[in-house]
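> sequence plus predicted model, see below.
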Amino acid sequence: MNSKQLRDELDSKGFSLSKDQVKDLRVYLDLLLKWNRVINLVGRSEWKLILNDLVLDSFYLGSFLSGLVKLDKKETGLDLGSGAGLPGIPLRLVWKQGLYYLVESRIKRAAFMNQAIAAMNIENTFVINTRVQDIDPKILPARLVISRAFMPWPKLLPLAKEMMSNEAMLIILSGSKYDGQDLSGMRMVETMEYRVDNKKRYFWALDSNI
């Protein structure tokens, strides 16, 4: 993979990144492929599959967040169960608000994310190697909480609510459309449907101001 190949693939999907953003994304993908040969960070072993099936979600998410949430430079965003840095690390290439914490309990995955963030020189983005339940209360409450397959959403809602400020937003990356289920004291603010390789995916944005 070279920068032109990566840029062409992004362009074909409707995403136009700057030269520096493409360079940093290439660094991330190269590191991910390298680490993936040693530990199973993601189930894909080819950069186009990783880009299309995993990374593009982050760029759609950046657009979604831009119309919903505005964090000042001292407000906190949490990315729960970040694993290989998804969606958070690619997201920080296009959405740079606030202080962003990637929360991951597994040591090797946290080490990978730390190396990727350093190599990409991403600012105001940090890795917390701990269980979500053990997050240092000094960085709470959070103004934004993001979850991608961290746990089933009915179990996630009460846990996330405890970490959120009064005006916070919870974003869930889901493979299912919201169809009116009970949200345990939270409110659906907005949803977005998008397609990746003709598969429908969804963002749910919830708050607790009801």
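Arrived safely, thanks for sending. Numbers count the residues shown, from 1 in each chain.

> find the residue at the geometric middle of the protein.
residue 87 (2.5 Å; C-alpha atoms, centre = their mean).

> tell me the spacing between that one and residue 69.
14 Å (C-beta to C-beta, to the nearest Å). Glycine gets a C-beta too; all of them are placed from N, C-alpha and C.

> and the residue lying closest to the residue nearest to the centre of the chain once chain neighbours are set aside, how far from residue 201?
Nearest residue to residue 87 in three dimensions, chain neighbours excluded: residue 58, at 4.1 Å (C-beta to C-beta, 6 or more residues apart in numbering). Using C-beta to C-beta, residue 58 is found at 12 Å from residue 201.

> who has more neighbours, the two?
Between residue 58 and residue 201, counted using other C-beta atoms under 10 Å, residue 58 has the larger neighbour count: 22 against 17.

> would you verify that that one is located in a helix?
Yes: the assignment for residue 58 (DSSP: H, G, I helix; E, B strand; the rest coil) places it in a helix.

> tell me how far it lies from residue 157.
As for residue 58, its distance to residue 157 is 23 Å (criterion: C-beta to C-beta).

> buried ones in stretch 115-126?
116, 117, 120, 122, 125 (16 or more other C-beta atoms under 10 Å).

> ok, so of the residues you listed, who is nearest residue 27?
Distance to residue 27 across the buried residues of stretch 115-126 (C-beta to C-beta) is lowest for residue 120, with 5.3 Å.

> nearest spatial neighbour of the closest one, chain-adjacent residues omitted?
Using C-beta to C-beta, 6+ apart and skipping the chain neighbours, the partner closest in space to residue 120 is residue 24 (4.4 Å).

> over to residue 126?
Counting by C-beta to C-beta, 6+ apart, residue 126 lies nearest to residue 101, which is 5.2 Å off, once chain neighbours are set aside.

> tell me, how many neighbours does that neighbour end up with?
Using other C-beta under 10 Å as the criterion, the residues surrounding residue 101 number 21.

> wait, doesn't residue 171 sit right on residue 147?
Yes: using C-beta atoms under 8 Å, residue 171 is in contact with residue 147, at 7.3 Å.

> quick one: list the elements packing against the helix or strand residue 194 falls within.
Residue 194 is part of strand 187-196 when elements are defined by DSSP states H and E. Secondary-structure packing of strand 187-196 (3 or more C-beta pairs under 8 Å, 6 or more residues apart in numbering; DSSP states H and E): helix 56-66, strand 199-207.
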